[in-house]
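**Student:** Structure, please.
(one chain, ligands or ions: 1)
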Amino acid sequence: MAGRRSKYTPGEYKLRVRRSHTGKGLFTEQDIPKGACIIEYIGKPVSEEIALRDAGKYLFGVAPNRTIDGNIPENIARYINHSCAGNCEALGPAGRIFIFSRKKIPAGTELTYDYGKEYFDRHIKPRGCRCAKCSPV
Ligand SMILES: [Zn+2]
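**Tutor:** Below you'll find the predicted structure:
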């Protein structure tokens, strides 16, 4: 019997870290349909104290008073870059974060999602956004 798959079960898509125009990015090597769960953003839990103090780039608030640090080797979702018009979005039940496709994504495309206003204002705005929407190549 096939196991019961929840909406929050990542598909087994072939993903690869490659050079993008903003450094490294995460690309899909196969077509991904719209609305698919692609990958979980995993990390180690950090205290609120550290979350507030460090404001690290890989910190992800997954629920009220719960933050994870995604800067660990197993978390290849950390290579997904910000875009103001991303082809993915971060969703999840409390405590976990999954990356879903917002549209059909053809093989060879870089995965991106909108990191949200707080992150944008703190880390991206000061040096200017380099996403495809803000600075087309
Ligand atoms: Zn942008």
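**Student:** Counting by contacts, list what the helix or strand of the chain with the lowest mean pLDDT packs against.
**Tutor:** Every helix and strand of the chain was ranked by mean pLDDT, DSSP states H and E. The lowest is helix 48-54, at a mean of 77. Helices and strands touching helix 48-54, by 3 or more CB pairs under 8 Å, 6 or more residues apart in numbering; DSSP states H and E, are strand 66-69. Backbone N, C-alpha and C define where each C-beta goes, glycine included.
**Student:** could you give the mean pLDDT of the strand it packs on?
**Tutor:** Regarding strand 66-69, the rounded mean pLDDT is 89.
**Student:** by contact count, what packs against that strand?
**Tutor:** Strand 66-69 is packed against strand 44-46, helix 48-54, strand 59-63, with contacts defined by 3+ CB pairs under 8 Å, 6+ apart.
**Student:** From what I see, residue 31 and residue 104 are in contact.
**Tutor:** Yes: assessed by CB atoms under 8 Å, residue 31 is found in contact with residue 104 at 7.0 Å.
**Student:** thinking again about what came up before, do you know which of the helices and strands packed on strand 66-69 lies nearest the ion?
**Tutor:** Nearest to the ion among the helices and strands packed on strand 66-69 is strand 59-63; the distance by CB to the ion comes to 19.2 Å.
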